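Enquirer: this one's sequence-less:
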């Protein structure tokens, strides 16, 4: 219950290139971008875990989800090779990044660094 | 039919999903064997298609992505469009939405592969049947399945009609292995005396004892959908002269693959194709009748329909065009394996081809029936575990071909392919010490000739 109710609003699925421009590149708040795929097992573990930790930040950071098969051009543009790849973006720039699964503590540190810096 | 991502036939609807599903079936057999080795497995064991299919399909999709990334890394521009020639140096591409892209080039390589054929003369074939392209992508179990192929030659390399009975046998094999009611119907079987018949019949005999049903010398006349959604197939039994029917959940056509060249506009630019097969005619340098247009892979006439040869030909072509190389692709002694429940791997000449080439007096065929150690405790039938080696009688007794039926046939044959490439001889093989206990070591011990007429069954140590 905690994850879903507070999570709504802080996590969204990117619809297309211009949606990414508007809500990620031009976002006033820092954004974590979760590049994932339907066929990727680890993505299904990381996704909800990251959403939960984002929700804990009480609106200071927003999470965008990008399905790399639906948005291949975007994934290629941001040099995604393996999934899950998570980018930390501020003012349209990639300021941090990780690939693969992380635990809750590691995710919290990642998010706090993005918000704080 | 089914469409797919980057990677070609092998990745999407060929080798990769096929081998993974073959593995699923082998694991089922292993679970049955396991009890003899002390494991407590509750019988009967069940298989869930959707779990296997999702695992396989997810892996294939990850490969599609991997290829896409590699293209990007190597700075290859990728256009996801349907292409055709507008002139000898120009390709016109159309997206699904109809948007046009024009690309011009000095050199063009065609590698569009093949698509499964449908026996359109059989009523209902197109509407109600599927092909292997679709089988691997089914989300739900195919259930009781009928697979139809025309020929029963086990030969993948230079198959003039493009008939792929090995696809039907491989698919029938894993479908049987995961517990489905499976029938293979074939129109004709080879004449006696053709050596490939020996290997083919050993493989199919094993499949019969494994549970696959065979309807030999039969061909379907129509497929109709029943109210229950099942398919009723009517066929002619040419031996008995009768007409028979049965109902199935799935009917899969395995009557070969043909190149999809009609839409490429090849005639406009002068690229010649074989009128019977539709395949593109190429020379030893993979060039078509138009010097700067090349073709590689399944679409080329007279080449093996195999992934590694297509890849190797492509690499060598690139080296010749842009490197300083003049090396041509060597299509001789290409090893390959059919992944039926009991696998068949081979490299070099078949017995028949060797006889044709050199004359039966000039060749020696060594053979042996063996029993894999792992089959013993598991009380498995090894009747069809067999190998034979074809050698010249003179000129140092050079090995011309090696044929192996048994578990892990691909792994066994791979190493010997190097030996044959280097011109290995029978005396050299006899000096090669075997690894014990393996099936492969039996190759190094081959000594009984067909000519001697002696019993070729070898006993373990």
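Expert: All right, it came through fine. All figures in this text were calculated on a predicted structure; none of them were measured in a lab.

Enquirer: point me to the residue of chain A nearest chain B.
Expert: Using C-beta to the nearest C-beta, the closest approach of chain A to chain B is made by residue A:39 at 3.6 Å. Every residue, glycine included, has its C-beta placed from N, CA and C.

Enquirer: need the contact list for that residue.
Expert: Counting by C-beta atoms under 8 Å, 6 or more residues apart in numbering or on different chains, residue A:39 makes contact with B:57, B:58, B:59, B:61, B:62.

Enquirer: check the secondary structure at the first one for me.
Expert: Reduced to three states with DSSP: H, G, I helix; E, B strand; the rest coil, the structure at residue B:57 is helix.

Enquirer: for it, which non-adjacent residue is spatially closest?
Expert: Nearest non-adjacent residue to residue B:57, counting by C-beta to C-beta, 6 or more residues apart in numbering or on different chains: residue B:137, 6.5 Å away.

Enquirer: report whether stretch B:98-117 contacts chain A.
Expert: No. When contact is scored as C-beta under 8 Å from any C-beta of the partner chain, no part of stretch B:98-117 falls within range of chain A; the minimum is 14.1 Å.

Enquirer: pLDDT on that stretch, on average?
Expert: The pLDDT scores in stretch B:98-117 average 94.

Enquirer: next, the buried residues of it.
Expert: For stretch B:98-117, a neighbour-count test (16 or more other C-beta atoms under 10 Å in any protein chain shown) marks B:108, B:109, B:110, B:111, B:112, B:113, B:114, B:115, B:116, B:117 as buried.

Enquirer: now stretch B:250-265: how far from the chain's centre is it?
Expert: 15 Å (C-alpha atoms, centre = their mean, to the nearest Å).

Enquirer: those helices in chain A, which residues are they?
Expert: Along chain A, counting by DSSP state H, helices occupy A:2-7, A:17-20, A:41-56, A:72-77, A:104-116.

Enquirer: switch these over to JSON lines; also include distance to residue B:423.
Expert: Below are the helices of chain A laid out as JSON lines (distance: least, C-beta to C-beta, whole Å):
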{"stretch": "helix A:2-7", "distance to residue B:423": "67"}
{"stretch": "helix A:17-20", "distance to residue B:423": "58"}
{"stretch": "helix A:41-56", "distance to residue B:423": "47"}
{"stretch": "helix A:72-77", "distance to residue B:423": "47"}
{"stretch": "helix A:104-116", "distance to residue B:423": "58"}
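
Enquirer: so which of the ones you listed comes closest to residue B:81?
Expert: Closest to residue B:81 of the helices of chain A, according to C-beta to C-beta: helix A:72-77, at 14.0 Å.

Enquirer: what's the average pLDDT for stretch B:320-329?
Expert: Mean pLDDT, stretch B:320-329: 94.

Enquirer: picking up where we left off before, dump the buried residues of stretch B:98-117 to CSV, plus secondary structure.
Expert: Formatted as CSV, the buried residues of stretch B:98-117 follow (three-state DSSP):
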residue, secondary structure
B:108, strand
B:109, strand
B:110, strand
B:111, coil
B:112, coil
B:113, coil
B:114, strand
B:115, strand
B:116, strand
B:117, coil
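
Enquirer: can you report phi and psi for residue B:321?
Expert: Backbone torsions of residue B:321, given as degrees, to the nearest 10, read phi -70, psi -40.

Enquirer: the residue nearest to residue B:57 in helix, strand or coil?
Expert: State at residue B:137, reduced to three classes by three-state DSSP: coil.

Enquirer: now the nearest residue to residue B:89 once chain neighbours are set aside: how far from residue B:286?
Expert: Closest residue to residue B:89 apart from its sequence neighbours, by C-beta to C-beta, 6+ apart: residue B:104 at 5.4 Å. The spacing between residue B:104 and residue B:286, counted by C-beta to C-beta, to the nearest Å, is 21 Å.

Enquirer: between the buried residues of stretch B:98-117, which is nearest residue B:376?
Expert: Of all the buried residues of stretch B:98-117, residue B:376 sits closest to residue B:116, with 40.4 Å by C-beta to C-beta.

Enquirer: near chain B, which residues of chain A? Just list them.
Expert: By C-beta under 8 Å from any C-beta, the residues of chain A that approach chain B are A:37, A:38, A:39, A:40, A:41, A:68, A:69, A:72, A:76, A:80, A:81, A:83.

Enquirer: could you list which of those residues belong to strands?
Expert: Applying DSSP state E to the residues of chain A next to chain B, no entry is found in strands.

Enquirer: and for residue 22, the neighbour number?
Expert: This is for chain A. Counted with other C-beta atoms under 10 Å in any protein chain shown, residues neighbouring residue A:22 total 12.

Enquirer: my question was about chain B, not that one.
Expert: 19.

Enquirer: dump the residue contacts of it.
Expert: Residues counted as contacts of residue B:22 (C-beta under 8 Å, 6+ apart) are B:170, B:173, B:174, B:177, B:339, B:341.

Enquirer: hang on, residue B:298 in a helix?
Expert: Yes. Counting by three-state DSSP, one finds residue B:298 located in a helix.
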